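Chemist: What shape does this take:
(one chain, ligands or ions: 1)
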Amino acid sequence: MIQSFASSYDTIILGAGAAGLFCAKFAAQTGAKVLVVDHAKRAADKVRISGGGRCNFTNMYASSDNFISANKHFSKSALARYTQWDFIDLCVSHGITYHEKTLGQLFCDGKSQAIIDMLLAEARGADIALGTTIDAVRHDGDTFHLTLSGRAVTTRNLVVATGGKSIPKMGATGIGYQIAEQFGLALTDTRPALVPLTFAPQELEWITPLSGTALDARVTANGTAFDEALLFTHRGLSGPSILQVSSYWRDGDPITVNLSPNRDIFGALKAARSENGRRQMHTGLGTIFPTKLANTLAERLGLSGNLADHSDKALTAIADALHAMELRPVGSEGYRTAEVTLGGVDTDALSSATMEAKAVRGLYFIGEVVDVTGWLGGYNFQWAWSSAAACGRAI
Ligand code: FDA
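Modeler: Purely as a prediction, here's the structure:
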């Protein structure tokens, strides 16, 4: 790793994150002169903190169906040519052991640093300049002229791998979008995704006291549903099911929460009633939900009396309400905590085989800066690896 760099390269990669470092591996393999530039002091900081420090580096079931993009076919070619199995093989060859946590999500057994060490080892043919600012980018029709930390550098190929806008505190800047615009490439709307949803004060009145309570739920936004854990927090709702639907939710839309997707609430209440009809309604709900949540739900639904006071019809109405609770978020926690940025460089402007801009020879966009956004569960890193491989092999 160097902080100094030469004045001319075959390829310069902007961003020493997941996609940038992985692209350097392929770009430098042929003996080309490659420089990776990042303003951060350390490479791949998001890899370091990802997956709670154990990096959910891919998903066994990754396919284009797990990605959101204005063109749902765009990711297919890259994902097919560098698959999750290719990345898993690479990890194995570096002695990285892993496990499936849930739903095909693969995590390191040890720390995420093992993935960073592997990326750096694989990119050893490239120069890596950290703590380096990107001051200016210009193209004369043939060569790119960059000013990096005040120094002029030229390159034939320029790869933009500067990620999205999420977590500015970690160095996210959105510079990739500015470079795309500078070269006339269209952008799709960007918004925080994989992010907790926030609620108005009257909803928070009952949500906040439940802070820390988690349960399996099915959450639906705009027709897309996810069956995963839901977590009540002091700001609203979080947990995997909420993060997943946040990518589909739009301002003003409701979300529908099925609080018991795997258990028939009516059947459970009826059974509780036959067992002991003198129990109060919140105690009956307590056979299905954590006690605190059962009490809150009984209060919210205005349930009084005991189970025996409730006819089948009344129990059905209660069950229906809890299998499809409509809530209206007022917003999200924003880029401060969002795991990714939805939207980005319009895929219409790029080749799906190489990630090269159709209108500017030698200019490439890879990783999160592109309008390809994965679900929660290792998909976003797989897109970083696959798009980086497509580009790096083509250069
Ligand atoms: P990435 O953000 O990794 O890299 C971009 C690089 O560009 C950074 O190093 C940055 O410093 C640099 N840069 C930006 N602006 C610059 C500028 N102006 N000048 C110079 N350099 C600049 N995904 C997943 O699949 N599994 C997981 O477990 C997780 N976990 C996770 C946790 C948290 C907290 C977050 C925030 C995100 C995740 N993700 C994830 C998402 C994943 O981290 C993300 O999709 C990839 O890191 C994207 O890779 P890129 O290389 O495109 O951008």
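Chemist: all contacts plus neighbour counts: C-alpha atoms, from now on.
Modeler: Will do.
Chemist: can you tell me which residues contact residue 29?
Modeler: Shown in contact with residue 29 (Cα atoms under 8 Å, 6 or more residues apart in numbering): residue 125.
Chemist: and it, what pLDDT?
Modeler: With respect to pLDDT, residue 29 has a value of 95.
Chemist: do you know how far it is from residue 389?
Modeler: Computed as Cα to Cα, to the nearest Å, the residue 29 to residue 389 distance reads 12 Å.
Chemist: Repeat that for residue 80.
Modeler: In this view, residue 80 and residue 389 are 11 Å apart by Cα to Cα.
Chemist: can you check residue 141 too?
Modeler: According to Cα to Cα, residue 141 and residue 389 sit 25 Å apart.
Chemist: Looking at those two, which one has more neighbours?
Modeler: Higher neighbour count among residue 141 and residue 389: residue 389, with 27 against 9, using other Cα atoms under 10 Å.
Chemist: Does that one belong to a helix, a strand or coil?
Modeler: With DSSP: H, G, I helix; E, B strand; the rest coil as the basis, residue 389 sits in helix.
Chemist: what sits against the residue nearest to it when sequence neighbours are not counted?
Modeler: Leaving aside its chain neighbours, residue 389 sits nearest to residue 23 (5.8 Å; criterion: Cα to Cα, 6 or more residues apart in numbering). Neighbour list for residue 23: 13, 385, 388-389, 391-392 [criterion: Cα under 8 Å, 6+ apart].
Chemist: Please identify which helix or strand holds residue 23.
Modeler: Using DSSP states H and E, residue 23 maps to helix 18-29.
Chemist: Which other helices and strands does the next helix-or-strand element following that helix contact?
Modeler: Once the chain leaves helix 18-29, the next helix or strand it forms, by DSSP H and E, is strand 34-37. For strand 34-37, the packing partners by 3 or more Cα pairs under 8 Å, 6 or more residues apart in numbering; DSSP states H and E come out as strand 8-14, helix 18-29, strand 127-129.
Chemist: Correct me if wrong: residue 369 contacts residue 179.
Modeler: No: if you go by Cα atoms under 8 Å, residue 369 and residue 179 don't touch, sitting 10.6 Å apart.
Chemist: Between these two, which has more neighbouring residues?
Modeler: Ranked by neighbour count (other Cα under 10 Å), residue 369 and residue 179 place residue 369 first, with 30 against 17.
Chemist: next one: phi and psi at the residue of the chain most remote from its centre?
Modeler: Going by Cα atoms, centre = their mean, the residue of the chain most distant from its centre is residue 278, 47.8 Å out. Main-chain torsions, residue 278, degrees, to the nearest 10: phi -80, psi 0.
Chemist: Apart from its chain neighbours, what residue comes closest to it?
Modeler: Among residues not flanking residue 278 along the chain, residue 306 sits closest, at 5.5 Å (Cα to Cα, 6+ apart).
Chemist: ok, residue 173 to residue 53 distance?
Modeler: For residue 173, the distance to residue 53 (Cα to Cα) stands at 23 Å.
Chemist: er, residue 15 I mean
Modeler: Distance, residue 15 to residue 53, by Cα to Cα: 21 Å.
Chemist: Comparing the two, which residue is more hemmed in?
Modeler: A count of neighbours by other Cα under 10 Å puts residue 15 above the other of residue 15 and residue 53, at 26 against 16.
Chemist: Many thanks, have a good one.
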